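1. Predicted structure and sequence below. I'll ask about it afterward.
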Amino acid sequence: MTRAQWQVTRLVASASSATATAVSMLWLREQGELGRSLVALFGLVACVTFVVWFVRRRRGAA
């Protein structure tokens, strides 16, 4: 598999994962208080994961 094919594959996988996550979040939000709490928890985990990834990336580039 060439580099370009690999990048396209990763992009498609990321897009489908993001779509599935968004649909799941919308469904959970409609499930009442517990669903909204889970959406908030997932959002917090996503933010922390992004910050950790970003910091590691910046330290690796320095």
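-> Yep, it's here. Numbering: from 1, shown residues only.
2. C-alpha from now on. contacts and neighbour counts both.
-> Noted.
3. Give me the distance between the helix or strand hosting Val52 and the centre of its chain.
-> Here Val52 sits within helix 33-61, counting by DSSP states H and E. Here helix 33-61 is found 8 Å from its chain centre; the criterion is CA atoms, centre = their mean, to the nearest Å.
4. can you give me the end-to-end distance of stretch 24-42?
-> Using CA to CA, to the nearest Å, the end-to-end distance of stretch 24-42 comes to 11 Å.
5. Check which residues of it are buried.
-> 25, 28-29, 35-36, 39 (16 or more other CA atoms under 10 Å).
6. Give me the mean pLDDT for it.
-> Across stretch 24-42, pLDDT averages out at 85.
7. So which residues make contact with that stretch?
-> By CA atoms under 8 Å, 6 or more residues apart in numbering, no residue outside stretch 24-42 reaches it.
8. how about the buried residues of stretch 24-42 in JSON lines, adding distance to Gln7?
-> Output for the buried residues of stretch 24-42, formatted as JSON lines (distance: CA to CA, whole Å):
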{"residue": "Met25", "distance to Gln7": "27"}
{"residue": "Leu28", "distance to Gln7": "31"}
{"residue": "Arg29", "distance to Gln7": "33"}
{"residue": "Gly35", "distance to Gln7": "34"}
{"residue": "Arg36", "distance to Gln7": "34"}
{"residue": "Val39", "distance to Gln7": "30"}
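9. which SSE is Leu28 in?
-> Element membership for Leu28, per DSSP H and E: helix 3-29.
10. which ones are touching Thr49?
-> By CA under 8 Å, 6+ apart, Thr49 has no neighbours at all.
11. Roughly how far does it sit from Trp27?
-> From Thr49 to Trp27 the distance is 23 Å (CA to CA).
12. can you check Ala13 too?
-> Distance, Ala13 to Trp27, by CA to CA: 21 Å.
13. Also Arg36?
-> 10 Å.
14. What of Thr2?
-> Taking CA to CA, one finds Thr2 at 38 Å from Trp27.
15. mind pulling up the phi and psi values for Gln31?
-> Backbone torsions of Gln31, given as degrees, to the nearest 10, read phi -90, psi 10.
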